[in-house]
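Asker: test case, fold it:
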Amino acid sequence: MPTDSVTVAVRLRPFNQREKNQNEARIVTIGQDGLVGIAPADDSQAGKQFSFDFSYDWDTEQDTVYTDLGQPLLHQAFEGWNGTIFAYGQTGSGKSFSMGGTKELPGMVPKMCTEIYTKIGKVQAENPNVKFLITCSFLEIYNEVRG
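Answerer: This next block holds a predicted model:
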């Protein structure tokens, strides 16, 4: 994980069935070292390129995202730092899958919970006098209306 205080990643989800049925084209490309390209709408425009700390395509496994983003944050928490994972995107973009996952493919939150309690168990087995205080918040804003 980069040493910056903020790490920014982008993850592309696979096409859903509707997009497959409509033979939609992929207009986003994932390059090396966090580069993401967006194809132009037509030949009269130039494509756009963006840089992120991490970029993941539609085939990226949940474990990879967790290893790159969740695990380092958890390790920093055990060193006394606060941490936040912020998932942002429109409805259907894959936030819930990345964060919560499924029973078969758990996402960031269940993986972090499993690892945090495993690590606490190991530390307390070595030193039963060590105490931990865990606080966690989860907020989902849905259908936000600005007025």
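Asker: the longest helix seen in the chain: how far from the chain's middle?
Answerer: Longest helix of the chain, by residue count under DSSP state H: helix 108-126. Distance, stretch centre to chain centre, for helix 108-126: 19 Å (CA atoms, centre = their mean, to the nearest Å).
Asker: any buried residues in it, and which?
Answerer: Residues of helix 108-126 classed as buried by neighbour count (16 or more other CB atoms under 10 Å): 108-112, 115-116. Every C-beta, even on glycine, is put in place using the N, C-alpha and C of the backbone.
Asker: contacts for that helix?
Answerer: The contact list for helix 108-126 (CB atoms under 8 Å, 6 or more residues apart in numbering) reads 62-63, 65-66, 69-71, 73-74, 77-78, 85, 98-101, 106, 130, 132, 134, 138.
Asker: cool, stretch 54-74 as well?
Answerer: For stretch 54-74, using CB under 8 Å, 6+ apart, the contacting residues are 1, 7-15, 30-31, 34-36, 83, 85, 98, 101, 105-108, 111-112, 115-116, 119.
Asker: report the buried members of these.
Answerer: 7, 9-13, 30, 34, 36, 98, 101, 106-108, 111-112, 115-116.
Asker: figure out the helix or strand that residue 36 lives in.
Answerer: Taking DSSP states H and E as the criterion, residue 36 maps to strand 35-38.
Asker: kindly export that strand (C-alpha atoms) in PDB.
Answerer: What follows is strand 35-38, C-alpha atoms only, in PDB (Å, rounded to 0.1, in the frame of the first residue of the first chain):
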ATOM      1  CA  LEU A  35      -3.700   3.700 -15.400                       C
ATOM      2  CA  VAL A  36      -7.300   3.700 -16.600                       C
ATOM      3  CA  GLY A  37      -8.300   4.700 -20.100                       C
ATOM      4  CA  ILE A  38     -11.700   5.700 -21.400                       C
END
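Asker: who does it touch, helix- and strand-wise?
Answerer: If contacts are counted by 3 or more CB pairs under 8 Å, 6 or more residues apart in numbering; DSSP states H and E, strand 35-38 sits against strand 28-30, strand 48-51.
Asker: note down every partner strand of the first one and its orientation.
Answerer: Partner strands and pairing direction for strand 28-30 (DSSP bridges) are strand 35-38 (antiparallel).
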